[in-house]
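Asks: Coordinates for the following, if possible.
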Amino acid sequence: MVSLKGKKVVVTGTMHKPRAEILQELRNIGAIPQASVVRSTDLLIVGANVNDTAKFQKAEMYGVQMLNQQDYLRAIDGDFDESTYV
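Replies: Okay, here's the model as predicted:
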């Protein structure tokens, strides 16, 4: 299982609920939401409708790990296997 606690996390794309709720959810589990991808970013959560956004491109350039929306939901539910972590 992957822990998001202490991870610097950026969200991009269309998510399953409002962005403010996602960010609060991240704070509640101990993650550190960021507005943009920088070298110190640990994780990019990728929602739907991401067409090579600047966040996505920077994450690729910096080698930031990415989770899709479904894997993010499993991670916050404690049902995510880190061996599938991209």
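
Asks: Based on its surroundings, how many neighbours for the nearest residue to Leu73 once chain neighbours are set aside?
Replies: Spatial nearest neighbour of Leu73, excluding adjacent residues (C-beta to C-beta, 6 or more residues apart in numbering): His16 at 7.4 Å. For glycine as for every other residue, the C-beta is placed from the backbone atoms N, C-alpha and C. Neighbourhood size, His16 [other C-beta atoms under 10 Å]: 12.

Asks: what separates His16 from Gly30, distance-wise?
Replies: His16 sits 21 Å away from Gly30 when distances are taken as C-beta to C-beta, to the nearest Å.

Asks: And Lys58, by the same measure?
Replies: With C-beta to C-beta as the criterion, Lys58 and Gly30 are 24 Å apart.

Asks: Not counting sequence-adjacent ones, nearest residue to Asn49?
Replies: Closest residue to Asn49 apart from its sequence neighbours, by C-beta to C-beta, 6+ apart: Thr14 at 4.6 Å.

Asks: Would you agree that neighbour is in contact with Ile45?
Replies: No. When contacts are counted by C-beta atoms under 8 Å, Thr14 is not listed as touching Ile45 (11.6 Å).

Asks: So which of those two has more stuff around it?
Replies: The residue with more neighbours, out of Thr14 and Ile45, is Ile45; 23 against 10, by other C-beta under 10 Å.

Asks: partners of the more buried one in the sheet?
Replies: Using DSSP bridges, the bridge partners assigned to Ile45 are Val11, Leu67.

Asks: Let me see the contact set for it.
Replies: The contact partners of Ile45, by C-beta atoms under 8 Å, 6 or more residues apart in numbering, come to Val9, Val10, Val11, Thr12, Met15, Ile22, Met66, Leu67, Asn68, Gln69, Tyr72.

Asks: Name the helix or strand of the chain that has the lowest mean pLDDT.
Replies: helix 69-76 (a mean of 86; mean pLDDT, DSSP states H and E).
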